[in-house]
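Engineer: My questions are about this predicted structure, shown below with the sequence.
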Amino acid sequence: MKLTILGGGGVRMPGFVRAVLRSRPGTFDQICLLEPDHLRRETTGRLAVELANALGQPGMVTVTQDPAEALTGADFVFSAIRVGGDEARVIDEQVALRRGLVGQETTGPGGFAMAMRTIPVVLSYCELLRRYAPGATLINFTNPVGLITQAIADHGGIRAVGVCDTPGGTIEHLCQFLGADRQQVQAGYAGLNHLGWVTSLRVDGDERIGELVSRFEELQHAEHRFGAFDPAMIRRLGALPTEYVYYFYDPLRYVREVTAAGSSRGEDVLRLNTELLEGLAKAFADGGVADAWAVYSRLLGVRRDTYMRTDMEGASGQEEARARRAAQPEPGLEAAAIGGYEGLALRVIDGLTGAAPADCIVNVRAATSAGSSTAAGMNAADVVETLASVSPAGIVPLQSPALPRSAHALVQQVKEYERAAVDAVVSGDLTLAGVALSLHPLVPGITAARELLTEYRELHGPLLGHLT
């Protein structure tokens, strides 16, 4: 089989490739990285290629800027692109933050701006897929995952599924808190991407969600991702939100914490990624793949360790993370650990190929094979984040649990925003784009939406030139 990665020079791709080679030997005959940026081809792309050589699989990994070469004959295509790069993410965040609004890359104004410039590019890749690899499955990790997957489902004309490790990671943290093995646990989950809730957690058949809610303060101390939620609010809710719900539940705190930190997460990541690319270039100039891997694993570790810190705690925690990483031995090239979205993407591939059919939380249309909906009030064509059966027969969403009333209302509002956003970008209608943005619960009305959109168009220039 051939695996193609769109955005193959992304900073997380060398780790993904190394883990695939070590954990799935023989699964793929070829892994092709499509990367238009020269610097990334020569740094992160080169690291992925040389990792394959060092692990005894020379020629397995290639990197190219030619879409036809990358896509021809692909069985699976993994999409992780960032249109406009890290610099565009900073613009997305800062335009909102200057107005006292949530500036985050996947939701609110920032997520909207990212979707507006990304959907046309993703749909152009779908057109190429129909030409060069019509039988391929696209596994979408391009953010905002739910909105991008909705656009692909409506207009891409290919088989696609969205993946995000947030729900699975939340469930893993809950299992660790209870001291339960993941294999013992059945979890109920429902919502949209980056807007979901764990509604049930059964350990060996015993429901433990009430215990988790009642012990929420303990859970907050054990896992920082829950730290910013108000315990009284969680008890009223009776379900556990994933960390991105924070932006909806306490936007004022978010703005204050980022202001206190003096930089947004996008700015933090831009600095880390710039340092990483420069470090890889120097390591290859002065040494070899082992030196490059040491630079890569250390800085990517700092990025993981500081996840959500700026947004929730008012400081990135980078210095502390750097000190911890410097004191730890670097993992060897042979390490086979795999997790996060990479692990989820591979479980989807394992299921579709029949290697290991399984149930996974993914982003797919709500309609089941029987034509019913997994979420009350959703249209059959709406992309939702839900548990689904993944097998050679396809990806079939399973019945979702009922959400608490307030959560259900929030999901309905955000889904209507997503429908309008897809319509706006596909039609290129600037007026409709302003209306779509105004429907988002983190945007205070149509005047604010149009002001935001005006500034985004000025700063992003040609990347939003299709909106007229």
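Structural biologist: Done, it's in.
Engineer: For the closest residue to residue 108 other than its chain neighbours, what are phi and psi?
Structural biologist: Taking C-beta to C-beta, 6 or more residues apart in numbering, and ignoring the residues beside it in sequence, residue 108 has residue 442 as its nearest neighbour in space, at 3.8 Å. C-beta here means a position set from N, CA and C on the backbone, and glycine is covered the same way. Backbone geometry at residue 442, expressed as degrees, to the nearest 10, gives phi -90, psi 10.
Engineer: Could I get the phi/psi values of residue 187?
Structural biologist: phi -110, psi 140.
Engineer: contacting residues around the nearest residue to it once chain neighbours are set aside?
Structural biologist: Nearest non-adjacent residue to residue 187, counting by C-beta to C-beta, 6+ apart: residue 171, 4.8 Å away. If a contact means C-beta atoms under 8 Å, 6 or more residues apart in numbering, then residue 171 has 182, 185, 187, 189, 198, 201 as its contacts.
Engineer: one more time with 10 Å, if that's ok
Structural biologist: Contacts for residue 171 were tallied using C-beta atoms under 10 Å, 6 or more residues apart in numbering; they are 182, 185-189, 198, 201, 240, 242, 361.
Engineer: for residue 262, same thing?
Structural biologist: Per C-beta under 10 Å, 6+ apart, neighbours of residue 262: 310, 314-316.
Engineer: and which of these is nearest to residue 451?
Structural biologist: Closest approach to residue 451 among those (C-beta to C-beta): residue 310, at 25.2 Å.
Engineer: just checking, what packs against the host helix or strand of that closest one?
Structural biologist: Using DSSP states H and E, residue 310 sits in helix 309-313. Applying 3 or more C-beta pairs under 10 Å, 6 or more residues apart in numbering; DSSP states H and E, one finds that helix 309-313 contacts helix 246-249, helix 251-261, helix 265-286, helix 318-327.
Engineer: Tell me the helix or strand right after the longest one.
Structural biologist: The reference is to helix 265-286. For helix 265-286, the following helix or strand on the C-terminal side (DSSP H and E) is helix 289-305.
Engineer: tell me the average confidence for that following helix?
Structural biologist: Per-region confidence: helix 289-305 scores 93 on mean pLDDT.
Engineer: Show me which positions of that helix end up buried.
Structural biologist: 289, 291-303, 305 (16 or more other C-beta atoms under 10 Å).
Engineer: Which pair of those residues spans the longest distance?
Structural biologist: Longest span within those, C-beta to C-beta: 289 and 305, 24.0 Å.
Engineer: Could you pull out the buried residues of the lengthiest helix in the chain?
Structural biologist: In the chain, taking DSSP state H as the definition, the longest helix is helix 108-132. Using 16+ other C-beta under 10 Å as the test for burial, helix 108-132 gives 108-123, 125-126, 128-129, 132.
Engineer: same check, this time on stretch 169-189
Structural biologist: Applying 16+ other C-beta under 10 Å to stretch 169-189 flags 169-175, 177-178, 180, 185, 187-189 as buried.
Engineer: The stretch 1-150 of the chain: helices as residue ranges?
Structural biologist: 13-23, 38-40, 46-54, 67-71, 85-97, 108-132, 145-155 (DSSP state H, counting those that start in this stretch).
Engineer: who wins for proximity to residue 432 among the ones you listed?
Structural biologist: Comparing the helices of the stretch 1-150 of the chain under C-beta to C-beta, the one sitting nearest is helix 108-132, at 11.2 Å.
Engineer: Just want the angle from the closest one to helix 265-286.
Structural biologist: Helix 108-132 runs at 50 degrees relative to helix 265-286, counting by axes from the mean of the first three to the mean of the last three C-alpha atoms, to 10 degrees.
Engineer: how many neighbours does residue 270 have?
Structural biologist: 17 (other C-beta atoms under 10 Å).
Engineer: That one contacts residue 92, correct?
Structural biologist: No - the criterion here is C-beta atoms under 10 Å, and residue 270 misses it with residue 92 at 11.8 Å.
Engineer: State the distance from the residue of the chain positioned farthest from its centre to residue 14.
Structural biologist: Here the chain reaches farthest from its C-alpha mean at residue 286, the gap being 33.9 Å by C-alpha atoms, centre = their mean. To residue 14, residue 286 is 18 Å away according to C-beta to C-beta, to the nearest Å.
Engineer: just residue 27 next, same as before
Structural biologist: 18 Å.
Engineer: Could you do residue 37 as well?
Structural biologist: 15 Å.
Engineer: the more surrounded of the two?
Structural biologist: residue 14 (29 against 16).
Engineer: roughly how far apart are the more buried one and residue 61?
Structural biologist: Here the criterion is C-beta to C-beta. By it, residue 14 lies 10 Å from residue 61.
Engineer: so where's this protein shaky on pLDDT?
Structural biologist: 331, 334-339, 368-376 (pLDDT under 70).
Engineer: Walk me through the domains of it.
Structural biologist: Structural domains annotated on the chain: 2-165, 257-327, as defined by automatic domain parsing.
Engineer: so which of these is the most packed in?
Structural biologist: For the domains of the chain, the largest average neighbour count (mean count of other C-beta atoms under 10 Å) is found in domain 2-165, namely a mean of 22.
Engineer: ends of it, how far apart?
Structural biologist: 23 Å (C-alpha to C-alpha, to the nearest Å).
Engineer: Confirm residue 346 sits in a strand?
Structural biologist: No - counting by DSSP: H, G, I helix; E, B strand; the rest coil, residue 346 is not found in a strand; it is helix.
Engineer: What's the local residue count around it?
Structural biologist: 24.
Engineer: Phi and psi next, for residue 445.
Structural biologist: Dihedral angles for residue 445 - degrees, to the nearest 10 - are phi 100, psi 180.
Engineer: now do residue 204
Structural biologist: Main-chain torsions, residue 204, degrees, to the nearest 10: phi 50, psi 40.
Engineer: Roughly how far does the residue lying closest to it once chain neighbours are set aside sit from residue 174?
Structural biologist: Distances taken as C-beta to C-beta, 6+ apart put residue 184 closest to residue 204, at 5.3 Å, once the chain neighbours are dropped. Noted for residue 184: a distance of 12 Å to residue 174, by C-beta to C-beta.
Engineer: so what's in contact with the two at the same time?
Structural biologist: residue 203.
Engineer: the helices in the stretch 351-468 of the chain, which residues?
Structural biologist: For the stretch 351-468 of the chain, applying DSSP H, counting those that start in this stretch gives helices covering 405-427, 430-438, 446-460.
Engineer: Output the first one as CSV - backbone C-alpha positions only.
Structural biologist: Extracted as CSV, the C-alpha positions of helix 405-427 are listed here (Å, rounded to 0.1, in the frame of the first residue of the first chain):
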residue,chain,number,x,y,z
ARG,A,405,-29.5,20.3,27.2
SER,A,406,-27.1,23.2,27.3
ALA,A,407,-24.4,21.2,25.4
HIS,A,408,-26.9,20.1,22.8
ALA,A,409,-28.0,23.7,22.2
LEU,A,410,-24.4,24.8,21.8
VAL,A,411,-23.7,22.1,19.3
GLN,A,412,-26.7,23.0,17.3
GLN,A,413,-25.6,26.7,17.1
VAL,A,414,-22.1,25.8,16.1
LYS,A,415,-23.3,23.3,13.5
GLU,A,416,-25.4,26.0,11.9
TYR,A,417,-22.4,28.2,11.8
GLU,A,418,-20.4,25.4,10.1
ARG,A,419,-23.1,24.9,7.4
ALA,A,420,-23.1,28.6,6.6
ALA,A,421,-19.3,28.8,6.6
VAL,A,422,-19.0,26.0,4.0
ASP,A,423,-21.7,27.6,1.8
ALA,A,424,-19.8,30.9,2.0
VAL,A,425,-16.4,29.7,1.0
VAL,A,426,-17.7,27.4,-1.8
SER,A,427,-19.8,30.2,-3.2
